[in-house]
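1. Have a look at this prediction, sequence included:
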Amino acid sequence: LPPVYPNGWYCIMPAHELPVKGVRQAHVLGLDIAVFRTEAGKVGVIEAYCPHLGANLAAGGTVEGDALKCPFHGWEFNCNGVCTNIPYAKDQSKIPSEARVRKFTAIEMNDQILLWYDAEGREPHWTPPPLPLVDNGTWSFRGKTQ
C-alpha cells in the first residue's frame with residue numbers, strides 16, 4: 001500500500017500567528033503536535049505529549065528560554081525534542097535519554113511554518129523556493145477560503 005500522505009512540505013500555520021514565546025497546538029497528518037517559538041525566535045515542532053505522564057505540551061505549556069515547559073511537572077523540551085531540565089532532579093546531567101519527544105523538521109519561510117513529512121523518516125532533500133514578494137510585503141495574507 002502507498003503511504004497515507006505524500007512526502008513533502010506541509011503548511012501547519014501562518015508564521016505571523018506564532019509570536020515569540022508563543023505555543024500552539026496543531027493536528028496535521030494524523031499527528032498532534034506542539035508548535036512553539038523560543039525567546040530567540042526559533043520555531044520548534046515536537047510531539048504534543050510529554051513522555052512523563054502524557055500532558056499535552058501545547059495545552060498550558062510555556063516557553064522558557066529555548067525550551068517548551070510541560071504544564072504538569074515542568075519538564076522542559078528543546079526544539080530537538082530533548083528534555084533539558086527536570087526541576088526536581090538533583091543532577092540535571094543524569095536526565096535519561098528516553099526523556100524525549102519526537103521532533104519534526106520545520107522551516108519558516110514565505111510567512112508560513114512548514115513541516116516536512118516523509119513516510120520513511122528521511123530528512124528533506126528539497127526546500128520550497130522563497131517568494132521575495134511575500135517576504136518584502138508586496139503580497140500579503142488576506143484570509144482563507146473555506
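-> Now that the structure is in, tell me what you want to look at. Numbering: from 1, shown residues only.

2. Going by secondary structure, the most centrally placed residue in the chain is in what exactly?
-> The centroid of the chain falls nearest to residue 45 when counting by CA atoms, centre = their mean (1.1 Å). Using DSSP states H and E, residue 45 maps to strand 43-47.

3. For residue 51, which residues are in contact?
-> Applying CB atoms under 8 Å, 6 or more residues apart in numbering, we find residue 51 in contact with 83, 98-101. In short, each C-beta sits where N, CA and C put it, glycine included.

4. For residue 133, pull up the helix or strand it's in.
-> helix 132-135.

5. Restricting to C-alpha, output that helix in PDB.
-> The C-alpha trace of helix 132-135 is given here as PDB (Å, rounded to 0.1, in the frame of the first residue of the first chain):
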ATOM      1  CA  PRO A 132      10.500  37.600  -2.300                       C
ATOM      2  CA  LEU A 133       7.200  39.300  -2.900                       C
ATOM      3  CA  VAL A 134       5.800  37.700   0.300                       C
ATOM      4  CA  ASP A 135       9.000  38.400   2.300                       C
END
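
6. Would you quantify the distance from the residue nearest to the centre of the chain to residue 86?
-> Noted for residue 45: a distance of 22 Å to residue 86, by CB to CB, to the nearest Å.

7. Next: residue 127.
-> Where residue 86 is concerned, residue 127 sits at a distance of 35 Å (CB to CB).

8. neighbour count winner among these two?
-> Neighbour count, other CB atoms under 10 Å: between residue 127 and residue 86, residue 86 has more, with 19 against 11.

9. Could you double-check that that one lies in contact with residue 95?
-> Yes. Applying CB atoms under 8 Å as the test, residue 86 and residue 95 come out as touching, 5.9 Å apart.

10. Surely the residue nearest to the centre of the chain touches residue 104?
-> Yes. Under the criterion of CB under 8 Å, residue 45 makes contact with residue 104 at 4.3 Å.

11. Between these two, which contacts overlap?
-> Shared contacts of residue 45 and residue 104, counting by CB under 8 Å, 6+ apart, come down to 33, 115.
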